[in-house]
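Colleague: Build me a model from this:
(one chain, ligands or ions: 1)
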Amino acid sequence: MYALVTGGSRGIGKAVALRLAQQGYKVIINYQSNQAAAEQTLSEIRQAGGDGELLQFDVSDREAVVSALSEWKQQHPDDYIEVLVNNAGIRCDKLLVWMEPEDFNKVLQTNLYSFYNVTRQLIEPMIRHKNGRIVNVASLSGQHGLAGQCNYSAAKGGLIAATKALALEVGRKNITVNAVAPGFVKTDMVEGLDEAELKKQIPLSRFAQPEEVAAVVCFLVSKDASYITGECISVNGGLYM
Ligand SMILES: NC(=O)c1ccc[n+]([C@@H]2O[C@H](COP(=O)([O-])OP(=O)(O)OC[C@H]3O[C@@H](n4cnc5c(N)ncnc54)[C@H](OP(=O)(O)O)[C@@H]3O)[C@@H](O)[C@H]2O)c1
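Modeller: Residues are numbered from 1 along each chain as shown. Below you'll find the predicted structure:
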C-alpha cells in the first residue's frame, strides 16, 4: 500500500507521513530541495518500524512531476499509489498593490497547479483499481480570504473548489476526494508571524501542532471516513466558523 505525501519532509506533511507509515502505508516522501530534512523524516519512519522512500520533484513543474512519477511507475510495475496527500505549498504575502506577477504565479503554481500536475498522474491507476483516497491541504485563507494573500487565498480557494469537482467525477470509482483547511500551524511556514498577537484572535488561544492537522488528514484516508467525499474540514481552533 503506497501513499504519496507532497512536501512530506517537513511541517504538516512530515506529520502526515509519519502517521500514514504507522498505519502501514509505504510512504513516498516528496520534497523540493531540502534533502537532509527528507532523509530525517524517512529515518524517523523507519525507526518507528515503518517504511517509505524519497521522491524529489518540484510540484509546480509539470514536466518534472510527469518524469518522476513515470519513473516510479516503471520501477513499481505491480504497484500503484492509492493515497495522495497534496500538501506541498508556499506563501508569498504582499498586498495586491505591491504584488508582482511572479509573486502571484509562483504561489498559484505551487499550491494549485500542483494539484493538477500530481493528481493527473495518479488518478488513472486509482480508477482502474476502483480504490483511492485524495486529501488536499487547503487553508483558512481559501475559505475566508486573508489580507496580503490574494495569491494564496486564490490558490487555496481554487483547491477547495477542485476538491469538490473531482469528488463528483470519481465517486463512482470508490475514490474519495476531500480537503482540510488549517488555520495557523506551528511549522517553518509561519516563522516571522506575530504568534502572540495572532493567537488573541483564536478561540483556542494557540496555534495548532502539525500532528493535529495530520490526524484529520489520516482520518479522511481511513476506512472510518469511507462515506465522506467532497468535504473541506476546518482545523483552525475556531478562528472561522
Ligand atoms: N503552517 C500553517 O500555518 C498552514 C496553514 C494553512 C495551510 N497550510 C498549508 O499546509 C501545507 C504544508 O505547510 P507547512 O506549514 O507544513 O509548510 P513547511 O513547513 O514550509 O513545509 C513545506 C513542505 O513543502 C515542500 N515544498 C515546498 N515547495 C515545494 C515544491 N515546489 N515542490 C515540492 N515540495 C515543495 C517543502 O520541501 P523542501 O523542504 O524541500 O522545501 C516542505 O516539505 C501547505 O500547503 C500550506 O499552504 C499551512
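Colleague: Run through the neighbouring helices and strands of the helix or strand bottoming out on mean pLDDT in the chain.
Modeller: One helix or strand of the chain scores below all others by mean pLDDT, DSSP states H and E: helix 195-198, with a mean of 95. Contacting helix 195-198 under the criterion 3 or more C-beta pairs under 8 Å, 6 or more residues apart in numbering; DSSP states H and E is no other helix or strand. (C-beta placed from N, C-alpha, C; glycine too.)
Colleague: Other residues contacting the helix or strand that comes right after that helix?
Modeller: Later in the chain than helix 195-198, the nearest helix or strand by DSSP states H and E is helix 210-221. With contact meaning C-beta atoms under 8 Å, 6 or more residues apart in numbering, helix 210-221 is reached by 3, 11-12, 14-16, 18-20, 23, 83, 85, 87, 133, 135, 137, 176, 178, 180, 182, 185-187, 225, 228, 231, 233, 235.
Colleague: residues of stretch 17-24 that come out buried?
Modeller: Residues of stretch 17-24 classed as buried by neighbour count (16 or more other C-beta atoms under 10 Å): 17, 18, 19, 20, 21.
Colleague: Residue 131 versus the third one, what's the distance?
Modeller: In this case it means residue 19. Distance, residue 19 to residue 131, using C-beta to C-beta, to the nearest Å: 20 Å.
Colleague: Mean confidence (pLDDT) on the helix or strand where residue 159 lies, please.
Modeller: Secondary structure from DSSP H and E places residue 159 in helix 150-170. For helix 150-170, the mean per-residue pLDDT is 98.
Colleague: which parts of that helix are buried?
Modeller: For helix 150-170, the neighbour count (16+ other C-beta under 10 Å) marks 150-160, 162-163, 166-167, 170 as buried.
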